[in-house]
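**Q** please find the sequence and the predicted model below.
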Amino acid sequence: MEIHTPTTVPDDKSVSSHSPDSCYAGSLNSSIRNIAIIAHVDHGKTTLVDAMLRQSGIFRKGEAVVERVMDSNDLERERGITILAKNTAVTYHGTRINIVDTPGHSDFGGEVERALKLVDGVLLLVDASEGPLPQTRYVLRKALEANLPPIVVINKIDRSDARPQEVLNEVYDLFIDLDATDEQLEFPVLYAISKNGIARETLDGTSENLQPLFEAILHNIPAPSGERDAVLQLLVANLDYSEYHGRLALGRIFSGTLHRGDEVAIAKLDKSFQKTRITKLYGFEGLERIDLEVAEAGDIVAIAGVEGITIGETVTSAENPAPLPHIPIDEPTISMVFTINTSPFSGREGSYVTSRHLRDRLDKELLTNVSIRVEDMGSHDSFKVMGRGELQLAILIEMMRREGYEMAVGKPEIVTRTVNGKIQEPLEQLVIDLPQDFVGVLMQEIGMRKGVNTKIVSHGTGHATHNRVRLEFTIPSRGLIGLRGEILKATRGTAVMNTLFEGYVDWMGDLPTRLTGSLVADRAGRTTAFALWNLQERGDLFVQPGVEVYEGMVVGQNSRWDDMDVNVVKEKKQTNMRASTADEAIRLVPFRPLTLEEAIEFISDDELVEITPKSLRLRKKILEYNKRPKKHKNAVQES
């Protein structure tokens with residue numbers, strides 16, 4: 001059911017500022033609302049935006065539209081998460097509603113902080129079954145710090161295990177825990193089924209569309225402040241690229257008026273000023289960019305003709321510059337070494353294999369990803385890349401390999417800092433939802449990693465879907481490396497794990513490392529079923545028969561503490577003698593293929609993950625057996 005059909009947009013998607021039907025034409029601030037949708041991963045943000053776009057009449061009749069249309073990145077569609085903050089706009093009863101879809105994972109917190117700079121209020125989406133989770137706390141804390149009024153939407157009320165009233169009480173507890181003011185606690189509450197495009201003011205309401213949500217936005221989210229006649233201030237919160245116009249800067253105009261063709265000054269991060277001319281000015285209509293002649297305070301726009309601009313800088317008046325404060329970004333907590341691929345198979349699959357290619361690609365990432373840091377190592381072919389978490393770095397690696405890059409990455413390490421002569425390390429809040437039967441084994445596993453249990457909440461008993469427990473811990477970031485795989489193994493894949501950066505604490509001492517060694521190929525060749533059959537009792541195999549390997553390549557996990565060099569290319573001897581059991585079929589245990597995240601978590605300090613567009617391989621840093629230092633059992637046990 002369509003709520004409102006906006007003015008038809010011409011085929012070229014271009015709306016002149018003089019068009020009487022454009023909300024940009026001489027727009028008053030009261031005709032604009034800027035909101036961000038914030039939530040935990042998979043609570044339905046992007047699905048809700050889909051429904052808002054459909055019901056606002058953005059899509060033409062009969063137009064084919066994919067699900068989760070805002071997740072334009074292939075990785076976002078595959079993983080079901082939002083990685084990049086994006087914005088769109090719909091028109092409801094003459095009011096333009098600019099919508100920013102934000103990531104829900106704290107590893108992409110840099111995107112969230114920038115997105116909240118663009119808006120005047122937030123929609124907090126919470127799953128009616130899972131309730132508030134760590135990233136819900138993270139994004140809500142950022143919104144409350146920015147003093148943004150919230151609208152709470154309890155989503156997925158049609159789930160069989162939905163508990164909307166309990167979840168609403170948990171939301172109130174979360175607001176109080178985050179020191180929300182009395183005004184912030186008086187938030188409106190809606191109940192929604194995003195996939196069906198339904199929002200209701202009460203659980204037993206009869207609404208079959210999103211009209212209650214649109215009305216709540218108009219009545220509870222304030223119109224943007226700012227004077228159209230004041231000094232121009234446009235804060236750059238995101239970057240894009242156009243084949244025709246080069247770099248595009250996306251941001252919000254906080255004050256003043258901007259015309260296409262204006263000469264402006266860019267207030268750089270180093271406090272210098274750079275003059276330039278705005279060659280193109282764009283607004284947003286649905287998923288399209290539309291040409292504008294003029295934009296005013298409160299508008300979210302994209303501008304061209306700004307080469308060299310970066311996130312956090314201000315576009316302001318050339319005659320009377322007035323820069324805005326920079327956007328603060330949380331510091332990275334995890335680092336990895338990216339280096340060129342030096343294996344015998346280097347260059348077989350990738351198009352970009354040199355250190356220059358690697359350096360250029362990382363520099364390009366720095367232009368749009370403010371939460372990433374890159375430092376040069378002692379050699380010219382290695383770079384230290386720092387980010388907010390393993391997932392963020394894994395996403396970067398996956399994007400690079402799909403673009404044709406080859407590289408090798410080392411084991412993740414935490415980023416420490418020194419305060420008053422003491423080393424401090426990052427601390428994380430860890431929340432695990434799991435069946436009650438596995439609580440004991442989980443406590444033991446996390447206790448070994450210096451995790452401290454702070455809270456236990458039972459979801460109730462007597463119902464199969466509710467026989468679960470939520471455990472909260474504080475744990476050093478080091479303790480999270482490799483933890484996800486261990487937890488899934490210990491709980492038979494039934495646990496749900498989430499983390500949130502908590503702060504810094506004094507160094508908590510050494511943690512136990514991986515207690516198993518690796519099975520390492522001792523020669524090049526192609527694996528055989530006969531060789532793998534003889535080795536499968538030694539541990540878990542990562543390769544199947546017929547795979548090409550090289551000396552020093554890790555082909556499995558040893559069940560013992562030390563590494564074992566093995567022959568995985570050995571073929572069965574052929575003789576003229578036959579025994580009664582000679583021709584029995586070889587039965588192999590299914591091999592264990594590793595995903596990128598699993599491979600990164602698995603490797604030891606002396607190992608690398610070799611990454612190419614088509615393959616993932618584990619290898620020793622030193623390939624030759626006779627040059628590789630041997631592990632010592634005592635050293636492993638002490639660590």
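**A** Arrived safely, thanks for sending.

**Q** which stretches of the stretch 401-550 of the chain have low pLDDT?
**A** Low-confidence segments of the stretch 401-550 of the chain, defined by pLDDT under 70, are located at 459-466.

**Q** next, count neighbours for residue 453.
**A** 16 (other Cβ atoms under 10 Å). Bear in mind the C-beta positions are built from the backbone N, C-alpha and C, glycine included.

**Q** what are the boundaries of the helices in the stretch 251-400 of the chain?
**A** Under the criterion DSSP state H, counting those that start in this stretch, the stretch 251-400 of the chain contains helices at 355-368, 390-402.

**Q** surely residue 90 and residue 54 touch.
**A** No: under the criterion of Cβ atoms under 8 Å, residue 90 is not in contact with residue 54, lying 9.7 Å apart.

**Q** and those two? which has more neighbours close in?
**A** residue 90 (25 against 18).

**Q** now do the SS call for the more buried one.
**A** strand (DSSP: H, G, I helix; E, B strand; the rest coil).

**Q** would you mind measuring from the residue nearest to residue 477 when sequence neighbours are not counted to residue 474?
**A** Nearest residue to residue 477 in three dimensions, chain neighbours excluded: residue 426, at 4.3 Å (Cβ to Cβ, 6 or more residues apart in numbering). Relative to residue 474, residue 426 is positioned 11 Å away (Cβ to Cβ, to the nearest Å).

**Q** what does residue 223 give?
**A** Per Cβ to Cβ, residue 223 is found 41 Å from residue 474.

**Q** and residue 509, by the same measure?
**A** The value you get for residue 509 to residue 474, if Cβ to Cβ is used, is 15 Å.

**Q** tell me which of those two has more neighbours.
**A** Set residue 509 next to residue 474 and count neighbours by other Cβ under 10 Å: residue 474 wins out with 17 against 7.

**Q** pull the helix or strand with minimum mean pLDDT from this protein.
**A** Least confident helix or strand, the chain: helix 74-79 with a mean of 45, by mean pLDDT, DSSP states H and E.

**Q** any common contacting residues for residue 426 and residue 474?
**A** With contacts defined as Cβ atoms under 8 Å, 6 or more residues apart in numbering, the residues shared by residue 426 and residue 474 are residue 502.

**Q** ok, how many other residues are close to the residue lying closest to residue 603 once chain neighbours are set aside?
**A** Closest residue to residue 603 apart from its sequence neighbours, by Cβ to Cβ, 6+ apart: residue 411 at 5.1 Å. Using other Cβ under 10 Å, the number of residues around residue 411 comes to 20.

**Q** against residue 390, how distant is residue 411?
**A** According to Cβ to Cβ, residue 411 stands 11 Å off from residue 390.

**Q** what's the overlap in contacts for these two?
**A** Joint contacts of residue 411 and residue 390 (Cβ under 8 Å, 6+ apart) are 481, 600.

**Q** returning to what we had before: what's the helix or strand for the residue nearest to residue 477?
**A** Assigned by DSSP states H and E, residue 426 falls within strand 422-435.

**Q** off-centre distance for that strand?
**A** 18 Å (Cα atoms, centre = their mean, to the nearest Å).

**Q** same list (the helices of the stretch 251-400 of the chain) but as a markdown table, adding mean neighbour count and distance to residue 245.
**A** Listed next are the helices of the stretch 251-400 of the chain as a markdown table, based on neighbours: other Cβ atoms under 10 Å; distance: least, Cβ to Cβ, whole Å:
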| stretch | mean neighbour count | distance to residue 245 |
| --- | --- | --- |
| helix 355-368 | 15 | 16 |
| helix 390-402 | 21 | 23 |
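
**Q** any chance of these in TSV, with distance to residue 229 too?
**A** Below are the helices of the stretch 251-400 of the chain laid out as TSV (distance: least, Cβ to Cβ, whole Å):
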stretch	distance to residue 229
helix 355-368	33
helix 390-402	42
